[in-house]
Each structure stands twice: as C-alpha cells, then as structure tokens.
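>>> quick one, what's the 3D model for this:
(chains A and B)
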Amino acid sequence: MSEQNRLGVFKTYKLYVGGKFPRSESGRVYEVTDSKGQWLANVPQSSRKDARDAVVAARKAFGGWSGATAYNRGQVLYRVAEMLEGRKEQFVREVAAAEGLSKSKAAAVVDAAIDRWVWYAGWTDKIGQISGGANPVAGPFFNLSTPEPTGVVTVLAPQKSSLLGLVSVIAPVIATGNTAVVIASADAPLPALSLGEVLATSDVPGGVVNILSGATAELAAPLAAHQDVNAIDLTGAGPELAKELEIAAADNLKRVLRPRPAEADGSDASTDWLAAPGTHRLTAFLETKTVWHPTGALGASGSSY
Amino acid sequence: MPTTAPSPKLSAAFEQGGTPLSDATASDSSLRRFLFGLPGVDAVGLEARAASLGTRSIKTTAKAYAIDLAISMIDLTTLEGADTPGKVRALAAKAVHPDPTDRTTPRTAAVCVYPDMAATAAAALAGSGVKVASVATAFPAGRAALDIKLADVREAVAAGADEIDMVIDRGAFLSGRFMKVYEEILAVKAECGTARLKVIFETGELSTYDNIRRASWLGMLAGADFIKTSTGKVATNATPANTLLMLEAVRDFRAQTGVQVGVKPAGGIRTTKDAVKFLVLVKETAGEDWLDNHWFRFGASSLLNDLLMQRQKLSTGRYSGPDYVTVD
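Residues are numbered from 1 along each chain as shown, chains lettered A, B, ... in the order given. Below you'll find the predicted structure:
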C-alpha cells in the first residue's frame, strides 16, 4: 500500500501512574495544540482523584527507591538517558511542535536534556559527600551528618520548557531517592507523557515517577494540601498560585521549593534552562540526619581521635 | 434477580418428602437429602449480581453515613502468633477511640483475638461497650479432637468472650459427613452459654458456591448466631459473591423460620470502597434489618485505617495519609 493511501495511526497519550498508563479517572481529555494553534493530540485532563492515586503509587515506591544504593540509582538514571537517546527523533519532533523551535534548535534542546539526565545520574552517589560529612564536636564522639530523601515530592513542571525544564526538575528529585508526582506543563504536555514511556522501559521502578497532565491549578491544590505529600516544587506555578499552594502546604509542614525570581512572572520563559544547574535542586529535597556515636574510652587505649 | 421472598424452588426444598424444616436434621440421610435438595447456585448470575451492586456510587452524606456504619461494624482483629498483651491492649484502645483526634468517630463492634488473649481484651474493654470476640475450636485449621475444641471454647467464654468464632471441620464437610459437622456446631453452641456463636466456613476451601450455600444452611440449622466467610488465613477470603450468597441464605432462613442470623465477611476487605460495596449488598439482599452491627460485621484490621483516612478527608477536605493513623 502506498504512503498516501495509508490511514493515519493516531497516538493516544495517557498518564503514567504507578508504572502503568491509565486514562484519567474522570474520563476527561483536552486538546493540545502546537505553538501555531494546530491540533496535535487529545491528552487526559487529570482530576484530583488521579492525583490521589499518584500519591499512593509514589508512597508505595518510596521504600524500595530510597532504600536502593546510590550507585544503583545512578545506573538506573543513566539507563533513562540511554533510552532517551534512542527515541531522540520523537522528542525532537514533539519539542519542536510544543515550543515552536526549528528542528536544529529542538535537537539541541533534546541533547541538553539527555546530558542533563546523565549529569544528575552522576550525582546520586556524590551528593551525600558534599551535603553531609563528619562534624567536629567538643567531646569524645563521632558526629556524622548524612542527607536522606524527604519522601513523596509533588513537582509542578515548568510551563514553557516542555522537555529540558521537565528533566531539570524531575531528575534531581529522584536522584536523591525521593519519589515524584509530576504535573506536566498544561499547554505542552506531550514530551512529558512520552517521557513516561521512556521511564517505563528503563529500569526505574513503577511509581517512582508519576506524570499527570491537566490544569495545573486544579491538580496542584489537592496535592499541596495532601497530608501524605512531603514536599512540593512550585517551579511551574505563577505568583498567585504559588502563594496559595504555599499556604496549603504549610498545614503539614511540607518542604517548599519556591519559583526563582526569573520563574515568578508565571511564564518561566526567562529561565535559562541551558545554564549549568548547580546542586540547589538536589539539596532542596533532602533531610539531614545527624548521628552521635561515642569514640570509646580514649584514655585506656591511648588513642588520639 | 433475587427478591425478598424465597424462590418457589427453594420452598419446595423444605417440603420435600413432606418433611418440615425441623425434620431436616433428624438423621444423617435426611440432612444430606435436605442439603442436596437446595437449589444449585447460578455462579455466573451470582457474580454478575455482586459486581453490578458494586458499581453503585455512594457520595457525600451517604458516604459519611456508610463510613461510620462500617466502622461500627468492624471486628478489629489480631490473630498472629506474635500477639502480646501490649498489642491487644493497644488494639482495644483503638477500638474504643478509633481516631483519637476526632471523638465523634464511632466505636468498633468488637475486638477479635485468640482465646489466651480474651482475658486481656476483656479487661481492656470493660465498660466500653465494645465486645470481646474470641476465635476457638483449634482455629484456623480446626484439626483437633472434639473435647479439645470444646475446652478451647469453654476457656474463651470463661475469660470473658462475648462472642465465639468457631471453624467448621472442612474435612468432614467435604467428605459428606454433614451430621458430624452439625453435631459439632451444636456441641459448641451448648458450651457458648450467652456468648453469640459465629460459624466460620472457610469458603475458600469449600471450592464451590453450592457448598457455600449448603454450609450456610447447615450452620443456621445448627443454631449459629452469625455465619462467617473465612478465617483470613487462606488465599481466597471474603468476596462480594460469596457474601451475597450467604446474605441470600440468611434472608431465606428468616423467611422460613423467623430466626434472624448475622453475616460476617472476613479477610481481604481493605479499602473503604470494598466495605461500601458490601454494605450495598447487605441493603439490597438481606435488607435494612441487617444494617446494624448486631447482624453484620467486617472481620478486618487494615480496613479501619482506610475508613479513618476517608473520614478525615470528608471532615477536613484534605487527603489524609498513613502517618495520621496508628500502625496496627
């Protein structure tokens, strides 16, 4: 059959929750267009119940993921980068459509996203050394501080940077052993939903990353108030919404990562996602545990700790 | 679909050979004739009926009512080899005040323990209105001589158990020795005194719906105050279908004899959604007379936490989490 006669095969974009690809519980979808207003796909419009289910999945996955060795997490994250590399063309197409970039510019963005993933994969077994360590104390004790993952983190992905921005907020959260419930960019969710497919085919356990598409404010409100969510990253929220969510998050003392000033105009467009990210997103969702341990009887053994 | 009146076929079963229901247990052969005269179960129809009743949407005030009703119907259970007096006391405290942050939460119906823990539970629950249920008769396998089973029951009653959960001899039942099962239930019932007797069939081991229907009638003929699905110790526990079948049996039994018998599904009911489905089954099958913790119970432990989290969600508007309920 010739190419012209072939019926189009349209892709049904679905959510990624608990390692599975469900439709929204609500049955709703909304239209996604490219930067010129051309229809691209119908994607699920998640409801608060989808958000609730995602938190349950993330909580369930937390024990295994936070308990995995940092070395193992690094390998798993590197594997994600490998999978991304293999599906580069698809992501270039989706990013170009979503952000109105030329093919070569979109390719550069996808390359940067893959490199970003590799960069965070390398940090998994090193972050403990720069954010923890042995503290000098005035007594015969070892005093050791070690960073531990916070728990389930809700991530509001950047609204404009549909892949590089997304990767830049997800990877640091899971690199340190947290699990994530991600609300994709409302207008450009396709790269995020495709990233779900990449995560499912790499070695990331189901539930470690859960990706929801839909109206950011509708999904973020119940998640910010959710008692079983430990932290929230407000990068994708405008100033009004960010304030509301921060108030709701205070109820169970969630850790909050505020949008940076560049992001706070509501369009994170001015954020330069290509710049070197630094470690602030890694350390934002870590808790420091400090252990005191007696050194033993110094005088008896003549040791000089 | 089942109605509130027994089907003509079922009535015929009672009158076979011109014998009334009381004669069904006159001899081994009449008991067998009666049980095999019960109409066969339409397995596909039963499961479809249970599934269709499970699709009903219960929201807002009706949901709040259902959650409180379900909490008041729970037999809060701990049946582990590792049970300690401390754990039983903690469970008893939870039964009296399931949510310490909200004293409007109803109490559970009972605390269900092994016989050696019954005295501990009774002391912890004294004056609270929460009953003490004790499993007995060599629970969960029921593989012991009759006098040992009876001694088990005697001890539990003496320790202060208000309710006894006995297991039937599945080996005897499956090999067709119905009279042995019947007489064993009678003997246990005699030991119970004022305690109410729940008869556990272990439906997961009876293999067919026909057997579950027969066991239900056998238990009720022998004087069970409650019929209970399972011990929670085998792979298949309470399902909507087998509970629906038992609810039909208690409904038909009351229509025939005027005696009301309770039902207790146990094991595998973990979420509020499941519990509400069972309540719909009760309402639509047995009727509102059974929507009370005197006639319907849930044998469960983790179910209570999910009910409490849902209750907190309804009262605060925020999703709750497992950090806000106790571990056991």
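>>> can you tell me the SS state at the residue in the stretch 201-305 of chain A that chain B sits nearest to?
Chain B sits closest to A:D228 of the stretch 201-305 of chain A, with a gap of 2.6 Å, by Cβ to the nearest Cβ. Backbone N, C-alpha and C define where each C-beta goes, glycine included. For A:D228, the assignment made with DSSP: H, G, I helix; E, B strand; the rest coil gives coil.
>>> I'd say B:G160 and B:A122 touch.
Yes. Between B:G160 and B:A122 there is a contact at 3.2 Å, judged by Cβ atoms under 8 Å.
>>> now do the strands in chain B.
B:74-77, B:110-113, B:131-135, B:163-167, B:196-200, B:226-228, B:262-264, B:298-300 (DSSP state E).
>>> next up, the contacts around B:P140.
Listed by Cβ atoms under 8 Å, 6 or more residues apart in numbering or on different chains, the contact set of B:P140 reads B:L79, B:V167, B:E202, B:T231, B:G232, B:K233, B:V234.
>>> which of those are buried?
Applying 16 or more other Cβ atoms under 10 Å in any protein chain shown to the contacts of B:P140, the neighbour count classes B:L79, B:V167, B:E202, B:T231, B:G232 as buried.
>>> B:T285 versus the first one, what's the distance?
B:L79 is 28 Å from B:T285, where distance means Cβ to Cβ, to the nearest Å.
>>> still on that earlier bit, the residue of the stretch 201-305 of chain A closest to chain B: how many residues sit nearby?
A count of nearby residues for A:D228, using other Cβ atoms under 10 Å in any protein chain shown, gives 21.
>>> what pLDDT does it get?
On the pLDDT scale, A:D228 is placed at 96.
>>> ok, and the closest non-adjacent residue to it?
Using Cβ to Cβ, 6 or more residues apart in numbering or on different chains and skipping the chain neighbours, the partner closest in space to A:D228 is B:G321 (2.6 Å).
>>> again, but for B:D274
B:L303 is the one closest to B:D274 (Cβ to Cβ, 6+ apart), at 7.6 Å.
>>> same check, this time on B:R251
B:A286 is the one closest to B:R251 (Cβ to Cβ, 6+ apart), at 4.8 Å.
>>> quick one: contacts for the one you found?
With contacts defined as Cβ under 8 Å, 6+ apart, the neighbours of B:A286 are B:L247, B:E248, B:V250, B:R251, B:V263, B:W295, B:F296.
>>> Serialize these to TSV and add fields for pLDDT.
Below are the contacts of B:A286 laid out as TSV (pLDDT from 0 to 100):
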residue	pLDDT
B:L247	98
B:E248	97
B:V250	97
B:R251	97
B:V263	97
B:W295	97
B:F296	98
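>>> any chance of these in JSON lines, with neighbour count and distance to B:F36 too?
Supplementary listing: the contacts of B:A286 in JSON lines, determined by neighbours: other Cβ atoms under 10 Å in any protein chain shown; distance: Cβ to Cβ, whole Å:
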{"residue": "B:L247", "neighbour count": "26", "distance to B:F36": "22"}
{"residue": "B:E248", "neighbour count": "22", "distance to B:F36": "18"}
{"residue": "B:V250", "neighbour count": "27", "distance to B:F36": "20"}
{"residue": "B:R251", "neighbour count": "23", "distance to B:F36": "21"}
{"residue": "B:V263", "neighbour count": "27", "distance to B:F36": "23"}
{"residue": "B:W295", "neighbour count": "19", "distance to B:F36": "28"}
{"residue": "B:F296", "neighbour count": "26", "distance to B:F36": "29"}
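>>> how about the helices in the stretch 1-150 of chain B?
In the stretch 1-150 of chain B, the helices defined using DSSP state H, counting those that start in this stretch lie at B:8-14, B:28-37, B:43-53, B:60-72, B:85-96, B:118-125, B:146-158.
>>> next one: the stretch 151-300 of chain B
Under DSSP H, counting those that start in this stretch, the stretch 151-300 of chain B gives helices at B:170-174, B:178-192, B:203-206, B:209-221, B:240-257, B:272-285.
>>> out of those helices, which is closest to B:L53?
With respect to B:L53, and counting by Cβ to Cβ, the nearest of the helices of the stretch 151-300 of chain B is helix B:272-285 at 5.1 Å.
>>> which strands and helices sit next to the closest one?
Here helix B:272-285 touches helix B:43-53, helix B:60-72, helix B:240-257, helix B:302-316, going by 3 or more Cβ pairs under 8 Å, 6 or more residues apart in numbering or on different chains; DSSP states H and E.
>>> please work out which residues outside that helix touch it.
B:2, B:50, B:53-54, B:56, B:58, B:63, B:66-67, B:69-70, B:238, B:240, B:243-244, B:247-248, B:251, B:263, B:265, B:269, B:290-291, B:296, B:298, B:303, B:306-307, B:310.
>>> alpha carbons only: can I get that helix in CSV?
Provided in CSV are the C-alpha atoms of helix B:272-285 (Å, rounded to 0.1, in the frame of the first residue of the first chain):
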residue,chain,number,x,y,z
THR,B,272,-13.4,1.9,52.1
LYS,B,273,-14.6,1.2,48.6
ASP,B,274,-14.8,-2.5,49.3
ALA,B,275,-16.6,-2.0,52.6
VAL,B,276,-19.2,0.2,51.0
LYS,B,277,-19.8,-2.4,48.3
PHE,B,278,-20.5,-4.9,51.0
LEU,B,279,-22.9,-2.6,52.7
VAL,B,280,-24.8,-2.1,49.4
LEU,B,281,-25.0,-6.0,49.1
VAL,B,282,-26.5,-6.1,52.6
LYS,B,283,-29.1,-3.4,51.9
GLU,B,284,-30.1,-4.8,48.6
THR,B,285,-30.1,-8.5,49.5
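>>> buried residues, it. List them.
Of the residues in helix B:272-285, those buried (16+ other Cβ under 10 Å) are B:272, B:274-285.
>>> max pairwise distance over those: which two?
Taking Cβ to Cβ, no two of the buried residues of helix B:272-285 sit farther apart than B:T272 and B:T285, at 20.2 Å.
>>> closest to chain A out of the strands of chain B?
strand B:298-300 (19.0 Å).
>>> which strands and helices lie in contact with that closest one?
strand B:74-77.
>>> tabulate the CA atom coordinates of the strand it packs on in PDB.
Taking Å, rounded to 0.1, in the frame of the first residue of the first chain, the C-alpha atoms of strand B:74-77 are listed here in PDB:
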ATOM      1  CA  ILE B  74     -15.700  -3.800  62.400                       C
ATOM      2  CA  ASP B  75     -14.400  -6.800  64.400                       C
ATOM      3  CA  LEU B  76     -11.000  -5.300  64.900                       C
ATOM      4  CA  THR B  77      -8.800  -8.400  64.600                       C
END
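>>> just the pLDDT for residue 274.
Using chain A. With respect to pLDDT, A:L274 has a value of 90.
>>> switch to chain B, that's the one I care about
So B:D274 comes in at 95 (pLDDT).
>>> how many neighbours does A:V80 have?
As a burial measure, A:V80 scores 26 neighbours (other Cβ under 10 Å).
>>> before we move on, back to that, overlap in contacts, B:G160 and B:A122.
Common neighbours of B:G160 and B:A122, using Cβ under 8 Å, 6+ apart, are B:V132.
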